[in-house]
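Student: Dropping the sequence and predicted coords here.
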Amino acid sequence: MTYYVVAQMGLNNLCFAIDYMLGTIFLVYYLLFKLNNLSKIDKSWSFNLLLNSQNNNNTVTTSENYCTNIQSAENCKEFSETIRQLSNKKKENDSDSKFYNWFAGIIDGDGNFDVRKDSLNHHKLKSIRIKLHNRDVRILTRIQNYLHIGRIRADKKKPHSMYIISRKKDMEYIITRLNGLIRIKIPGFKKACTYYNIEFKEPNYNIEPFDPYFSGLIDTDGSIVFNYSGNRIECNLEFQYNEYTQKLNFDNTIPYYKPSVLVRLQKIKKYNKEYKSIGFKYQTVKGMMYLYDFFMKNRLYCDFKFYRVTKIKEFLLIRNYNKEPKGSIEFKIYADFLLDWIQYRNPLWMKVPFVDKIR
């Protein structure tokens, strides 16, 4: 009787063990099947997931029609490394795209293509140049550090510096990368394309949302100003009106914030000349936060302009303090904010009209 009970218990345990093993095998098959759905199943329904290590090429086979080739952890590491490299490559491409769009805005603002005629009356590109005030030399050093070409030369008589690219192969490289991105300095750029036998690409004048090209224009030709009577921070762009600048469309560049467009006649009394200008004005209180968001995604490299933009969020919190009595703590907070805002890297801050009203 005792032997029977023991035998029966052993049989039960054996059955339990077999059931457990069968369950485990079933689970393995199920997992392999699910993994295969993420991979590729061939016509014979064979699994093609490798189970080969780099040091052992033996394949684990479950049946004639179900062969698993699942890679070992070593090869998974290689796969992960490949994914990481592809991800980094995408980031590099995105970074490149952002840089060259911004760079095109810088050139359309304060750059030029120095094209001259040779002895045979052919146009020849001598250099690509960008001239800026020394206060904004960081823009030039950023370009030089990113491209690893060109040189920066300081003007000995004036507070300006110039970034110059003059080597032929370097200029050809830049023209190729900027093709389709230049929108304002078109005449010189077209001649440069002809010189290098590069087919000119027409740019898109509908500037896309969050396009860094807009930041490049603001870094050079734009302004971030305070409108005291309107009690708001504004962003403005102004160009000479011509066949290229009239086509610029910034309606979608800063999402939910369209600029007002103004064409007017300008007079230069010193030279007794007149010309038309076109301005793009971002001048609403509601739009200030959209302006802030844009430049947080596409930062300015003109330090004092970027500083002014970064203060928008803080300004919105104290903006209504301007209505408080001048002796109140609220008005003092408001006044101190504006003084800091207008003084930053601005040696002429005392000449700003509203300063006397808040001191």
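Tutor: Now that the structure is in, tell me what you want to look at.

Student: Quick check: can you list the domain ranges of this protein?
Tutor: Listed by automatic domain parsing, the domain ranges of the chain are 2-71, 95-195, 212-313.

Student: between those domains, which one is nearest to Phe331?
Tutor: Taking CB to CB, domain 212-313 is the member of the domains of the chain nearest to Phe331, at 12.7 Å. (Glycine included, C-beta is placed from N, CA and C.)

Student: Quick check: Phe250 vs Tyr257, distance?
Tutor: 9 Å (CB to CB, to the nearest Å).

Student: What of Ile143?
Tutor: 28 Å.

Student: for the stretch 51-200 of the chain, what spans make up the strands?
Tutor: In the stretch 51-200 of the chain, the strands defined using DSSP state E, counting those that start in this stretch lie at 111-117, 123-133, 151-154, 160-165.

Student: Dump those to TSV, plus mean pLDDT and mean neighbour count.
Tutor: Putting the strands of the stretch 51-200 of the chain into TSV (pLDDT from 0 to 100; neighbours: other CB atoms under 10 Å) gives the following:
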stretch	mean pLDDT	mean neighbour count
strand 111-117	93	17
strand 123-133	95	18
strand 151-154	96	13
strand 160-165	97	19
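
Student: which residues touch Asp303?
Tutor: Arg135, Asp136, Arg138, Arg345 (CB atoms under 8 Å, 6 or more residues apart in numbering).

Student: Just give the nearest non-adjacent residue to Glu324, would you?
Tutor: Nearest residue to Glu324 in three dimensions, chain neighbours excluded: Glu330, at 4.0 Å (CB to CB, 6 or more residues apart in numbering).

Student: Helices of the protein, start to end?
Tutor: Using DSSP state H, the helices of the chain run over residues 2-38, 73-110, 137-147, 168-178, 186-195, 212-220, 288-297, 303-310, 312-318, 329-343, 355-358.

Student: Put the buried members of the contacts of Asp303 into a PyMOL selection.
Tutor: Buried residues among the contacts of Asp303 (16 or more other CB atoms under 10 Å), as a PyMOL selection:
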select buried, resi 135+136
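
Student: Now pLDDT too, for the contacts of Asp303, in TSV please.
Tutor: Shown next, in TSV, are the contacts of Asp303 (pLDDT from 0 to 100):
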residue	pLDDT
Arg135	94
Asp136	96
Arg138	95
Arg345	93
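
Student: returning to that earlier point: can you say which of the strands of the stretch 51-200 of the chain is nearest to Leu181?
Tutor: strand 111-117 (12.1 Å).

Student: Residues touching that closest one, excluding its own?
Tutor: 123-131, 185, 188-189, 191-192, 195.

Student: and which of those residues is nearest Arg167?
Tutor: Closest to Arg167 out of these is Ser127 (9.3 Å), distances taken as CB to CB.

Student: So the closest one sits against Ile165, correct?
Tutor: Yes: here Ser127 reaches Ile165: they are 6.3 Å apart, a contact under CB atoms under 8 Å.

Student: Which neighbours do these two have in common?
Tutor: The overlap between the contact sets of Ser127 and Ile165 (CB under 8 Å, 6+ apart) consists of Met171.

Student: so how far is Gly216 from Tyr256?
Tutor: According to CB to CB, Tyr256 and Gly216 sit 22 Å apart.
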